[in-house]
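[1] Structure for the following, please:
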Amino acid sequence: MSNTVRPGQRNEVVQIDLLALLSACWKQAWLIILAALIGGSLAYAGTKYFVTPTYRTYFSAYVNNSVEVGTSTTITSSDLSASQSLADTAAGVIESATVLEAAAEQAGVGEEYDADVSTSVDSESGIITVYVVTTDPQMSASYARAIADVAAEETSRIVEGSSMQIIDQPKIPTSIYSPSYTRNTMMGLLLGAFLVCAIVVLQELLNDRIQDQAELEARYGISVLGAIPDWSSMGKNQNYSYYYSQEKEKAEV
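    Below you'll find the predicted structure:
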């Protein structure tokens, strides 16, 4: 089957010229950069002034099936195997309302204070890591220490014959955990640039005007026999624009 387009027959196949779209975006590069800067600035300002920063600290603990004697914490292979099965139980105890409420009272944390406590258990070693996130760095460390103290006592009470050893003590966080200013600013930059690029591309795709002779011939499959010159762009010193220039001067007078 021949795909030749006869004169007068319109080709309905829509082709998207990627180079034309890139060229349109390049022409508006200054606007895209400006939109990116505005988006990044708004994202940074919004994060700084409207988002409450949070701070995270943590402590790690090990649970075994023997009661601590003095300050000795000898761990055998049987203790390691037992601690792996006790780790999930101890994590549940740490996240229980009993432990969290008792720790909050010990640390002086009010009921209205917002704190996020989560645990992570290493299935191979049986080590439990407890994360505490609050809006105050000092309070994060105090609350985490209280949780460690209460959880050790509560685990020994619930799981008879077991003990919890604190490996890493919680420390006062020195940096913001959330939000990330860098990430939010970069997202603002990309969003601003993307929105302007999308508008430019959409305008280019919706523009159905014939731009030049080559596009006319490609779209309709016909040859151009002649063209009407744009007299307004002709110089006054050219002979063929003399009449137009004289008429324009008369109209201006």
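[2] Where do the helices of the stretch 51-200 of the chain begin and end?
    Taking DSSP state H, counting those that start in this stretch, the helices of the stretch 51-200 of the chain run over residues 77-94, 97-107, 137-158, 181-206.
[3] Could you save those helices as TSV and add columns showing mean pLDDT, distance to N64 and mean neighbour count?
    Backbone N, C-alpha and C define where each C-beta goes, glycine included. As requested, the helices of the stretch 51-200 of the chain are exported to TSV (pLDDT from 0 to 100; distance: least, CB to CB, whole Å; neighbours: other CB atoms under 10 Å):
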stretch	mean pLDDT	distance to N64	mean neighbour count
helix 77-94	74	4	18
helix 97-107	90	19	17
helix 137-158	91	11	20
helix 181-206	93	40	15
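[4] Can you say which of the ones you listed is nearest to S60?
    helix 137-158 (9.6 Å; CB to CB).
[5] Run through who's touching the closest one.
    Contacts to helix 137-158, defined as CB atoms under 8 Å, 6 or more residues apart in numbering, come from residues 55-59, 61, 63, 67, 89-90, 93-94, 96, 98-100, 102-104, 106-109, 113, 115, 117, 130, 132-134, 162-164, 166, 169-174.
[6] Ok, stretch 177-186 next?
    So stretch 177-186 is in contact with 40, 43-44, 46-48, 51, 53-56, 133, going by CB under 8 Å, 6+ apart.
[7] Just the buried residues of the contacts of helix 137-158.
    Buried members of the contacts of helix 137-158, counted by 16 or more other CB atoms under 10 Å: 55-59, 61, 63, 90, 93-94, 99-100, 102-104, 107, 109, 115, 117, 130, 132-134, 162-164, 166, 170, 173.
[8] Let me see the ranges of the strands in the stretch 1-150 of the chain.
    55-64, 115-121, 127-134 (DSSP state E, counting those that start in this stretch).
[9] Switch those over to a markdown table; also include mean pLDDT and distance to L21.
    Putting the strands of the stretch 1-150 of the chain into a markdown table (pLDDT from 0 to 100; distance: least, CB to CB, whole Å) gives the following:
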| stretch | mean pLDDT | distance to L21 |
| --- | --- | --- |
| strand 55-64 | 90 | 44 |
| strand 115-121 | 90 | 46 |
| strand 127-134 | 93 | 45 |
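[10] For these, could you give me a markdown table that also reports distance to A141?
    What follows is these, written out as a markdown table (distance: least, CB to CB, whole Å):
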| stretch | distance to A141 |
| --- | --- |
| strand 55-64 | 5 |
| strand 115-121 | 12 |
| strand 127-134 | 8 |
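[11] How about the contacts made by A193?
    32-33, 35-36, 39.
[12] Run through the bridge partners of the nearest residue to D136 once chain neighbours are set aside.
    Sequence neighbours aside, Y55 is the residue nearest to D136 in space, at 6.8 Å (criterion: CB to CB, 6 or more residues apart in numbering). With DSSP bridges as the criterion, Y55 is bridged to T134.
[13] give me every residue that touches Y55.
    133-137, 140, 173, 175-177.
[14] now, which of these sits nearest V201?
    I176 (37.3 Å).
[15] My read is that the closest one contacts V51, right?
    No. Because the distance of 10.2 Å does not satisfy CB atoms under 8 Å, I176 is recorded as not touching V51.
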